[in-house]
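Trainee: model the following, please.
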Amino acid sequence: MSFRLIAAPVALALLVGGCAKTGELSLDGGVGITAVRTACPIVGVPAGTGDITLFDPATSTDASAIDVTAVLTNVRGTCDETGAEVVSNVTFDVRARRTRTDGPRDVTLPYFITVVRGGTQVVAKRIGQVALHFDTGQALASTSAQASANVNRAAATLPQDVRDRLTRKRKAGDQDAALDPLAAPEVRQAVLAASFESLVGFQLTNDQLRYNAQR
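Mentor: Below you'll find the model as predicted:
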């Protein structure tokens, strides 16, 4: 089961500098950030949304009333950044356990994929469903699902002036040699605005979120 999410154009940080490796700082003849950041989004699961518990009756949260539990696991992302659109594909597994096994049963669970900009701003969200089947006498079931998100490559780049400030080499002894360019509010804001994540999790009710947070 899969669905596609087309995100609104979101800028991504894309810093390129010489032969530097990811996360590496330039030390050859000066000080300058030359970290290479891919246009692909970080993939993850928001806190508190990686598992779901169904109760019978639904109004109870007692351990004796637990009907079905499920976890979202093996979340992986692949990315194609060769074209005009950066395509991020997210795959994951859902593993479920039921309490009563006296007959066959089908369970459908809702999940979401969301694109988050700057760590806090949700710019796109889509809801999907994943179906699990239990045979008679079977307590465990599992399945796989996938979703994807597109981001316009033209929007996936920091402004040139910000890139220049981040990658400019500064010699030791220069007045600003010891200053972190990311400490400048306008640079920090530009980098935040140019960062995004593709996050997946179960689409929980307020009661289910509360249960996950309090147990």
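Trainee: any weak-confidence spans in this structure?
Mentor: 1-37, 154-156, 170-182 (pLDDT under 70).
Trainee: mind redoing it with 50?
Mentor: 2-3, 6-34, 36 (pLDDT under 50).
Trainee: and the helices in it?
Mentor: In the chain, helices defined by DSSP state H lie at 160-167, 185-193, 206-214, listed in chain order.
Trainee: run the chain-centre distance for the second one.
Mentor: Helix 185-193 sits 20 Å away from the centroid of its parent chain (CA atoms, centre = their mean, to the nearest Å).
Trainee: please apply the same query to the shortest one.
Mentor: Between the mean C-alpha location of helix 160-167 and the chain-wide mean there is a distance of 26 Å, by CA atoms, centre = their mean.
Trainee: and that helix, what other elements does it pack with?
Mentor: strand 32-33, helix 185-193 (3 or more CB pairs under 8 Å, 6 or more residues apart in numbering; DSSP states H and E). In this view, the C-beta of every residue, glycine as well, is placed from N, C-alpha and C.
Trainee: buried stuff in that helix?
Mentor: For helix 160-167, the neighbour count (16 or more other CB atoms under 10 Å) marks Val162, Arg163, Arg165, Leu166, Thr167 as buried.
Trainee: for the residues you listed, which two are the farthest from each other?
Mentor: The largest separation in the buried residues of helix 160-167, counting by CB to CB, is between Val162 and Thr167 at 9.6 Å.
Trainee: what residues are up against Thr61?
Mentor: Contacts for Thr61 (CB atoms under 8 Å, 6 or more residues apart in numbering) come out as Phe55, Asp207, Tyr211.
Trainee: bridged to Thr143, which residues?
Mentor: Val94 (DSSP bridges).
Trainee: alpha carbons of stretch 98-113, as PDB, please.
Mentor: Provided in PDB are the C-alpha atoms of stretch 98-113 (Å, rounded to 0.1, in the frame of the first residue of the first chain):
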ATOM      1  CA  ARG A  98      -3.600  -9.200  19.100                       C
ATOM      2  CA  THR A  99      -4.900 -10.600  22.400                       C
ATOM      3  CA  ARG A 100      -7.700 -12.900  21.200                       C
ATOM      4  CA  THR A 101      -6.800 -15.400  18.500                       C
ATOM      5  CA  ASP A 102     -10.100 -17.400  18.300                       C
ATOM      6  CA  GLY A 103     -10.800 -16.500  14.700                       C
ATOM      7  CA  PRO A 104      -9.500 -14.800  11.600                       C
ATOM      8  CA  ARG A 105      -9.400 -11.000  11.700                       C
ATOM      9  CA  ASP A 106      -8.500  -8.000   9.600                       C
ATOM     10  CA  VAL A 107      -7.300  -4.800  11.200                       C
ATOM     11  CA  THR A 108      -6.800  -1.500   9.400                       C
ATOM     12  CA  LEU A 109      -4.600   1.200  10.900                       C
ATOM     13  CA  PRO A 110      -4.200   4.800   9.800                       C
ATOM     14  CA  TYR A 111      -0.800   6.300   9.300                       C
ATOM     15  CA  PHE A 112       0.600   9.600   8.000                       C
ATOM     16  CA  ILE A 113       3.500  11.100   6.100                       C
END
